[in-house]
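Peer 1: coords please:
(one chain, ligands or ions: 1)
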Amino acid sequence: MVKVTVCGAAGGIGQPLSLLLKQSDLITHLALYDIVNAAGVAADLSHINTASKVTGHAGKDALAEALSGAHTVVIPAGVPRKPGMTRDDLFKVNAGIVRDLAEACAKHCPKAFILVISNPVNSTVPIVCEVFKKAGVFDPRKVFGVTTLDVVRSSTFVNHIKPQFEPQSNRITVVGGHSGATIVPLLSQIKQVTFTPAEIKALTNRIQFGGDEVVKAKDGAGSATLSMAHAGARFTTSLLEASVRGKRGLVESTYIHLKGNAGAEWNARSTGLEYFAQDVELGPEGVANVLALPDLSAEEDALVKIAIGELKGNITKGVGFVTAIP
Ligand code: NAI
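Peer 2: Here you go, the predicted model:
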């Protein structure tokens with residue numbers, strides 16, 4: 001039995017993400033939770049002729065049932081950005097939503113993998129971890145900030161200017177966090193193509209602020225949903241491949257709690273941070289090993305320093321949101 005629960009399943013990301021997860025033969029039960037319209041989305045998806053069972057759970061009273069027995073919980077619940085907003089502007093609304101969902105997860109599925117999509121990821125992941133710590137059920141290997149969209153965008157945007165770079169099979173490491181200047185793509189690690197300094201600068205900027213392109217184009221109707229659903233399904237699938245099927249050597253960039261994870265001491269020491277996105281090898285229990293940061297170019301080194309400065313504030317804000325209340 002592999003039950004995957006999507007919290008926020010009726011939303012812009014939740015619906016296409018659930019559709020993609022319905023295609024997975026690794027999932028036996030797809031539980032869709034939302035405060036609205038979960039039953040409709042579940043009824044619709046349940047007619048697809050793949051093996052998994054689909055159930056809908058609407059409203060807070062249905063949350064326990066949605067979460068109990070979950071192997072993995074994916075959280076795209078909360079409000080998205082509108083033009084002119086930063087991800088941090090979402091904190092006011094989304095912090096409380098993520099905290100409440102995390103409290104329910106700690107109670108009803110304390111051993112589940114928790115995949116956080118809701119922004120600001122730099123702060124919402126610390127919120128989940130602190131809630132789990134408070135409940136005495138925290139396992140740092142099991143909580144992930146989904147930063148895969150930055151990785152997906154990196155490959156796509158590199159391919160746009162270097163068509164010989166194959167975007168689907170070539171993964172680019174993205175470290176730091178998931179907002180503007182905290183997103184640091186390690187373009188110096190790409191071996192297949194070369195870049196001029198101007199290309200590196202333009203690409204880095206496009207990857208860091210790629211989300212803004214979508215927010216602007218949608219003109220008030222939200223942020224990335226379809227590409228995010230693709231990225232979220234990719235990360236979920238990698239984690240399930242590693243944890244359910246026992247596949248080895250699967251690596252994804254993801255934002256995690258460093259302390260308590262194998263291989264993370266070096267990153268924690270060099271960044272001075274409690275949370276950081278970096279390449280992680282996935283395994284049966286989630287994080288199997290955090291890969292050390294590779295040798296960075298001088299430009300990347302400077303970008304990581306800027307990211308660290310911003311991440312410190314984001315992390316403190318998330319941690320404080322939970323620990324300030326006794
Ligand atoms: P949306 O507004 O279309 O959907 C959000 C859904 O969450 C709605 O169906 C809403 O009813 C539901 N919801 C609200 N409160 C809830 C609660 N307490 N419990 C369960 N469900 C609840 O928003 P969209 O576009 O799907 O974005 C969701 C989140 O994902 C936003 O915070 C957005 O910023 C973030 N996001 C993250 C990305 C990433 O790379 N990690 C990329 C794009 C968006």
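Peer 1: enumerate the residues of the stretch 151-300 of the chain near the ligand.
Peer 2: By CB under 6 Å from any ligand atom, the residues of the stretch 151-300 of the chain that approach the ligand are 178, 222-225, 228. Backbone N, C-alpha and C define where each C-beta goes, glycine included.
Peer 1: again, 8 Å this time
Peer 2: Residues of the stretch 151-300 of the chain found near the ligand (CB under 8 Å from any ligand atom) are 178, 211, 222-225, 228, 231-232.
Peer 1: of those residues, which is the most crowded?
Peer 2: Using other CB atoms under 10 Å as the neighbour test, these are led by H178, with 28 neighbours.
Peer 1: once you drop chain neighbours, what's closest to it?
Peer 2: Excluding the flanking residues, the one nearest H178 by CB to CB, 6 or more residues apart in numbering is V121, at 4.1 Å.
Peer 1: residue boundaries of the strands in this structure?
Peer 2: 3-7, 29-34, 53-58, 72-75, 113-116, 143-145, 174-176, 183-185, 251-257, 275-283, 286-290 (DSSP state E).
Peer 1: E300 is nearest to which of these?
Peer 2: Nearest to E300, of all the strands of the chain, is strand 183-185, at 6.3 Å by CB to CB.
Peer 1: the closest one pairs with which strands, parallel or anti?
Peer 2: strand 174-176 (antiparallel) (DSSP bridges).
Peer 1: next, count neighbours for R81.
Peer 2: R81 has 20 neighbouring residues, counting by other CB under 10 Å.
Peer 1: residue contacts, it?
Peer 2: R81 makes contact with 87, 89-90, 119, 211, 215, 222-223, according to CB atoms under 8 Å, 6 or more residues apart in numbering.
Peer 1: ok, so of those, who is nearest the ligand?
Peer 2: The nearest member of the contacts of R81 to the ligand, counting by CB to the nearest ligand atom, is N119 at 3.4 Å.
Peer 1: which phi and psi does that closest one have?
Peer 2: Backbone torsions for N119, taken as degrees, to the nearest 10, come to phi -90, psi 160.
Peer 1: not counting its neighbours along the chain, what's nearest it?
Peer 2: Nearest residue to N119, sequence neighbours excluded (CB to CB, 6+ apart): R87, at 4.3 Å.
Peer 1: T182 is in contact with that neighbour, correct?
Peer 2: No - R87 lies out of contact with T182 (CB atoms under 8 Å); the separation is 9.4 Å.
Peer 1: neighbour count winner among these two?
Peer 2: Taking other CB under 10 Å, R87 and T182 do not tie; T182 has more neighbours (28 against 24).
Peer 1: how close does N261 get to L115?
Peer 2: In this view, N261 and L115 are 16 Å apart by CB to CB, to the nearest Å.
Peer 1: what about the two, which has more around it?
Peer 2: L115 (26 against 21).
Peer 1: now do the contacts for the closest residue to that one other than its chain neighbours.
Peer 2: Nearest residue to L115 in three dimensions, chain neighbours excluded: V74, at 4.5 Å (CB to CB, 6+ apart). Neighbouring residues of V74 by CB under 8 Å, 6+ apart: 4-7, 17, 21, 115, 117, 146, 232, 236.
Peer 1: if we can go back for a sec, export the strands of the chain to JSON lines and tack on mean pLDDT?
Peer 2: Listed next are those as JSON lines, based on pLDDT from 0 to 100:
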{"stretch": "strand 3-7", "mean pLDDT": "99"}
{"stretch": "strand 29-34", "mean pLDDT": "98"}
{"stretch": "strand 53-58", "mean pLDDT": "98"}
{"stretch": "strand 72-75", "mean pLDDT": "98"}
{"stretch": "strand 113-116", "mean pLDDT": "99"}
{"stretch": "strand 143-145", "mean pLDDT": "98"}
{"stretch": "strand 174-176", "mean pLDDT": "98"}
{"stretch": "strand 183-185", "mean pLDDT": "98"}
{"stretch": "strand 251-257", "mean pLDDT": "98"}
{"stretch": "strand 275-283", "mean pLDDT": "98"}
{"stretch": "strand 286-290", "mean pLDDT": "98"}
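Peer 1: count the residues that sit near the residue of the chain found nearest the ligand.
Peer 2: Distances between the chain and the ligand by CB to the nearest ligand atom are smallest at G11, namely 2.1 Å. Per other CB under 10 Å, the neighbour tally for G11 reads 26.
Peer 1: dump the residue contacts of the residue nearest to it when sequence neighbours are not counted.
Peer 2: Closest residue to G11 apart from its sequence neighbours, by CB to CB, 6+ apart: P76 at 6.1 Å. P76 makes contacts with 6-8, 11, 13-14, 17, 117-118, 228, 232, as judged by CB under 8 Å, 6+ apart.
Peer 1: could you list the residues of the stretch 1-150 of the chain in contact with the ligand?
Peer 2: Neighbours of the ligand within the stretch 1-150 of the chain, by CB under 8 Å from any ligand atom: 7-14, 33-37, 60, 63, 76-81, 87, 90, 94, 97, 100-101, 116-121, 145-150.
Peer 1: which among those count as buried?
Peer 2: Buried by 16 or more other CB atoms under 10 Å: 7-14, 33-35, 37, 63, 76-81, 87, 90, 94, 97, 101, 116-121, 145-150, out of these.
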